[in-house]
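>>> What follows is a predicted structure for the sequence shown.
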Amino acid sequence: MPTPERTSLEAIVAAARDLLETEGLPGLTMQAVAERVGVRAPSLYKRVQGRDQLVQLVAEATLVEVAERLEASTDLIDLVDRFRAFGHERPSAFQLVMTPGPGVPTARPEFGAATSGPILRHAGALAGEPEALEAARTVTAWAAGFVSMELTGGFGLGGDVDAAWRFGAERIVAAVGSGAQGRDLVS
């Protein structure tokens, strides 16, 4: 008679996501995940090939969560605010998907593409469909850079970082929305 399954892939990934936030990427080990789900480490290999696949699955689950949050956004300002909130709530997961670093396993491309839908939609509505991708990339780069700097203590000059966020978000969205007027400025 086969032994009963004591954990699921979903439970393993959930435990790994929690560990990522509490212990960081170095603390995300197969042994630590096994302890969290109440099995021995070799049992995890029935569901996950190894740590690299586990990190990939965590990145993919993170992007699914981000996509769900962004899908509920009402406009581009709301979208970047939701993006920032996610970064503050789950800083290690944010860094895993936005700035993974060399050699760190990443999500499969389809997960990133699914996450891009809401920003492409909002950016396209403002900039026009022909420039939706460029507008979305510009907004994403600004927002990801700002949040990454916040998470790593990069704003050392003092001042109100929330006010700087609002200033930047409003200016970026205005620039994206300028459409043909913006092209005239650089001609």
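Sure thing, it's come through.
>>> any idea where the helices of this protein begin and end?
Ranges of helices in the chain, per DSSP state H, are 9-23, 30-37, 41-44, 51-71, 76-89, 91-98, 109-127, 132-151, 161-177, 180-186.
>>> residues contacting Arg6?
Residues near Arg6 by CB atoms under 8 Å, 6 or more residues apart in numbering: Val37, Gly38, Val39, Ser43. (Each C-beta comes from the backbone N, C-alpha and C, glycine too.)
>>> run the last query once more with 7 Å
Gly38, Val39, Ser43 (CB atoms under 7 Å, 6 or more residues apart in numbering).
>>> Any stretches of this protein with poor pLDDT?
Low-confidence segments of the chain, defined by pLDDT under 70: 1-5, 179-187.
>>> picking that back up, which of the contacts of Arg6 are buried, as a PyMOL select command?
Of these, the buried ones go into a single PyMOL selection, burial set by 16 or more other CB atoms under 10 Å:
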select buried, resi 39+43
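>>> okay, the contacts of Arg6 in CSV with distance to Met149 next?
Below are the contacts of Arg6 laid out as CSV (distance: CB to CB, whole Å):
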residue, distance to Met149
Gly38, 39
Val39, 39
Ser43, 41
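>>> Pop the domain breakdown of this structure in here.
Using automatic domain parsing, the domain parsing of the chain gives 1-48, 65-186.
>>> Can you tell me which of the helices of the chain is packed in deepest?
helix 91-98 (a mean of 21; mean count of other CB atoms under 10 Å).
>>> helices and strands around that helix, which ones?
When contacts are defined as 3 or more CB pairs under 7 Å, 6 or more residues apart in numbering; DSSP states H and E, helix 91-98 sits against helix 9-23, helix 51-71, helix 132-151.
>>> For the ones you listed, give me TSV that also has distance to His88.
Listed next are the helices and strands packed on helix 91-98 as TSV, based on distance: least, CB to CB, whole Å:
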stretch	distance to His88
helix 9-23	12
helix 51-71	12
helix 132-151	8
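>>> so which of these gets nearest Pro109?
When the helices and strands packed on helix 91-98 are compared by CB to CB, helix 51-71 sits nearest Pro109, at 10.5 Å.
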